[in-house]
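> Here's my sequence, what's the structure:
(one chain, ligands or ions: 1)
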Amino acid sequence: MSQITLRNVTKKYYTVDEETIAIKNVNLDIEAGEMIAIMGPSGSGKTTLLNIIGCLDNHCLEGSKLLNTKQGSYMLNGREVRSLSKDELAAIRNKTIGFVFQQFALIEGYTIMENLEIPLIYSNLHDKKHKRSIKEIRTIILEILDKLNIKNHANKYPSQLSGGQQQRVAIARALITNPDILIADEPTGALDQKTGEEVIRMLKQVNEEGKTVIIVTHDEKIAAHCKRRIDILDGEVVSDRCYALNSSSET
Ligand SMILES: Nc1ncnc2c1ncn2[C@@H]1O[C@H](COP(=O)(O)OP(=O)(O)OP(=O)(O)O)[C@@H](O)[C@H]1O
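Numbers count the residues shown, from 1 in each chain. Model prediction:
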């Protein structure tokens, strides 16, 4: 059984006067531990696909004029996502999948420590058996900040950090609940080349520790770090290939 299986997934967006087929009949099997780049031109459907995989997809707003629909099957760890309740989906977004975004999405009024506390406190609410004290939560956070080399910034605010440091915090936040899957939408898009390379090496390390990493990117150099590359054009998968990694992307 694959970790992620999409069968004939089609996603349409409706606005008052227009229907957009953002994803057309997509079939994908993703195994646990893969590192994948999703590529394609602007508007080709990459973010839509990532949102579906990440269960962030807002589908079937019945009764609304702006109706978004998704067809097909998405099985995550053997379970049909469509059949999951809102609470089950929220738990998946908290514990099974971690998210990294281009603009970091840190909460500005909160320190780095507080930004990382939020998913763990939320996770406490959903996991009555393994509740953690605030002391335990802070220990976990300091460990992960230390691992990503940003421990000494724990009490600063996001705006006091560089873009690369903020993205490291965002990666720490995505990993803090120890998810199996990390998905990243243009994680290096707001960074210079060198900092982007550092971030991709960090994602590679996360993958080497066993997590599935799925990255949307426009950048060929970033994609070159991924063994598997999926190209999308007008909502369709036009190429899905595995590559041998060259020595410069192996470092
Ligand atoms: N909420 C929405 N309502 C209506 N149309 C949408 C919505 N979100 C995306 N679309 C349309 O769906 C198509 C796919 O968009 P998507 O954002 O997935 O593409 P993308 O490949 O990620 O683009 P980019 O690289 O520019 O971020 C586009 O034509 C876009 O205009």
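
> Enumerate the residues of the stretch 1-150 of the chain near the ligand.
13, 15, 20, 22, 40, 42-48 (C-beta under 6 Å from any ligand atom). Any C-beta I mention is one placed from the backbone N, CA and C, and that applies to glycine too.

> of all the residues you listed, which comes closest to Thr212?
Nearest to Thr212 among these: Lys46, at 17.0 Å, using C-beta to C-beta.

> so what's the nearest residue to the closest one once chain neighbours are set aside up against?
Closest residue to Lys46 apart from its sequence neighbours, by C-beta to C-beta, 6 or more residues apart in numbering: Val216 at 4.5 Å. Shown in contact with Val216 (C-beta atoms under 8 Å, 6 or more residues apart in numbering): 37-39, 46-47, 50, 184-186.

> Show the pLDDT at Val216.
Looking at Val216, its pLDDT reads 95.

> Going along the chain, name the helices of the chain.
46-53, 86-91, 112-126, 134-147, 163-175, 193-208, 220-223, 247-250 (DSSP state H).

> by contact count, what packs against the fifth one?
The one in question is helix 163-175. strand 97-101, helix 112-126, helix 134-147, strand 181-185, helix 193-208 (3 or more C-beta pairs under 8 Å, 6 or more residues apart in numbering; DSSP states H and E).

> if we look at the last one, which residues are touching it?
Read it as helix 193-208. 33-35, 100, 148, 162-164, 167-168, 171, 175, 182, 184, 187-188, 191, 213, 215, 219, 221-222, 225, 251.

> list the contacts for the closest residue to Leu161 other than its chain neighbours?
Spatial nearest neighbour of Leu161, chain neighbours left out: His153 (5.8 Å); criterion: C-beta to C-beta, 6+ apart. His153 is in contact with 112, 145, 160-161, 165, 169, counting by C-beta under 8 Å, 6+ apart.

> thinking again about what came up before, out of the helices and strands packed on helix 163-175, which is the most enclosed?
strand 181-185 (a mean of 24; mean count of other C-beta atoms under 10 Å).

> average pLDDT across that strand?
Here the average pLDDT along strand 181-185 is 95.

> ok, now stretch 203-210?
Stretch 203-210 comes out at a mean pLDDT of 93.

> again, but for stretch 141-157
pLDDT averaged over stretch 141-157 gives 91.

> Surely Arg241 and Arg229 touch.
Yes - assessed by C-beta atoms under 8 Å, Arg241 is found in contact with Arg229 at 5.8 Å.

> quick one: which of the two has more around it?
Here Arg241 and Arg229 are compared on neighbour count by other C-beta atoms under 10 Å; more neighbours surround Arg229, at 18 against 9.

> Now do that one against Ile38, distance only.
8 Å (C-beta to C-beta, to the nearest Å).

> In contact with Thr47, which residues are there?
So Thr47 contacts 185, 216 (C-beta under 8 Å, 6+ apart).

> Check the helices of the chain for me: which has the lowest mean pLDDT.
Minimum mean pLDDT among the helices of the chain: helix 247-250, a mean of 50.

> so who does the residue minimising distance to the centre of the chain touch?
Nearest to the geometric centre of the chain sits Ile183, at 2.0 Å (C-alpha atoms, centre = their mean). By C-beta under 8 Å, 6+ apart, Ile183 lies in contact with 50, 53-54, 97-100, 213-215.

> Let me see the contact set for the nearest residue to Asp29 once chain neighbours are set aside.
In this structure, Asp29 finds its nearest non-sequential neighbour in Ser2, 4.3 Å apart by C-beta to C-beta, 6+ apart. Ser2 makes contact with 29-31, 75, according to C-beta under 8 Å, 6+ apart.

> most surrounded residue in the residues you listed?
Neighbour max across the contacts of Ser2 (other C-beta under 10 Å) = Ile30, 19 neighbours.

> Understood, closing this out.
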